[in-house]
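> Give me coordinates for this.
(one chain, ligands or ions: 2)
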Amino acid sequence: MNEKLTWQDNWLLGIDALDDEHREMVRLINRLVDDDERVSIQQRVSDLMEHLHKHFHREEAFLRQINYPGYSNHQREHKMEIAEITALLHELESEKRTAITPAFFQNLKYWFLNHAVLEDKRFSDFYFREYKGDLVENMPLAQERSGNQPNDT
Ligand SMILES: [Fe+2]
Ligand SMILES: [Fe+2]
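Ligands and ions are numbered 1, 2, ... in the order given. The predicted model follows:
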């Protein structure tokens, strides 16, 4: 059974830019088991891959910025996931595989819950504990989003 992920607000980290990307990740994961044939499965997997690349890159930059002590482990988990999806993409390209198996989809959902929800939560907890939001204005993620500065008087 390919039951899709349903977004839950208790998955939020409280860091908007990363949360937005996690929502998009859920959409792209679910899309892998859509019956919609207009977009090939290869294309859908490669879209997910591209999104993961961008997201991991941004998240790792943030972790370096906050001096997250679990950085290397966290980065290793990202690399392992990229390797997993790369292998899938190669299998689809070489036609060793023509569809996403329920087991693969299950594992991907498991990875999302384990990593994007639980592991990412560890660094957001660290961030809010260590910085107490004080440095939010100076964070690249916060800066990118800031159109107006409500604290400026
Ligand atoms: Fe993440
Ligand atoms: Fe992560």
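> Centre-most residue in this structure?
With distances taken as CA atoms, centre = their mean, H22 lies nearest the centre of the chain, 4.7 Å away.
> Read off the pLDDT value for that one.
H22 is assigned 98 on the pLDDT scale.
> Spatially, what comes nearest to it if we skip its sequence neighbours?
In space, and not counting its chain neighbours, H22 is closest to A116: 5.3 Å by CB to CB, 6 or more residues apart in numbering. C-beta here means a position set from N, CA and C on the backbone, and glycine is covered the same way.
> residues of the host helix or strand of the residue nearest to the centre of the chain that come out buried?
Assigned by DSSP states H and E, H22 falls within helix 16-31. By neighbour count on 16 or more other CB atoms under 10 Å, the buried set for helix 16-31 is 17-19, 21-22, 25-26, 28-31.
> close to ligand 1, is the helix or strand hosting N73?
Element membership for N73 (DSSP H and E) is helix 71-93. No. Helix 71-93 lies out of reach of ligand 1 by CB under 5 Å from the ion, never closer than 8.2 Å.
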